[in-house]
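**Student:** Here's a sequence, model it:
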Amino acid sequence: MDPANSQTDFGISLADLGNGVWWLTVKGEADLSNAPELKERLSVAIDSGARGVLVDLMDATFIDSTTLGVLVGAVKRLRPAGGELAIACDDPNIRKIFEITLLDRTFNVVDGAEAGIAYLSLQS
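**Tutor:** Okay, the predicted model is just below:
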């Protein structure tokens, strides 16, 4: 893949669903080059009082170790206040990354955004 195209294909959106639940969607390749934007968006949600954050990777094509580090950092900020971070992902290659790193024990990894939102709504 052409690196210039991967940059234009990347996108993040953030939505406050109410009741302390936030939905962050990632499109394209999440890697070192866009980790600061991912971290900033997660910080917006957490600083705004999020109790649950769904990171929707349904449209992500790749994640790297920097992305995993950003997600772990967000969990470390959420958990002391009783918050939780869930991952929506149905890509077997990306799910395998969570399994290999044992982060599937840290995050609730679900097959779709609806399941993640339902889970977080019950937690908050």
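**Student:** For G83, give its distance to E99.
**Tutor:** Here G83 is placed at a distance of 23 Å from E99 (CB to CB, to the nearest Å). (Each C-beta comes from the backbone N, C-alpha and C, glycine too.)
**Student:** L68 touches T101, doesn't it?
**Tutor:** Yes: look at L68 against T101 with CB atoms under 8 Å: they come within range, at 6.4 Å.
**Student:** longest single strand anywhere in this structure?
**Tutor:** Counting by DSSP state E, the longest strand found in the chain is strand 52-63.
**Student:** Now that strand: average pLDDT?
**Tutor:** Averaging pLDDT along strand 52-63 gives 97.
**Student:** which residues touch it?
**Tutor:** Contacting residues not belonging to strand 52-63 are listed as 9, 20-31, 42, 45-46, 71, 74, 78, 83-91, 94, 97, 112-113, 116-117, 120-121, 123-124 [CB atoms under 8 Å, 6 or more residues apart in numbering].
**Student:** from those residues, which ones fall inside strands?
**Tutor:** Among these, the members that lie in strands (by DSSP E) are 21-30, 84-88.
**Student:** What's the PyMOL line that selects buried ones from these?
**Tutor:** Buried members of the ones in strands among the contacts of strand 52-63, defined by 16 or more other CB atoms under 10 Å, are picked up in PyMOL with:
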select buried, resi 21+22+23+24+25+26+27+28+29+30+84+85+86+87+88
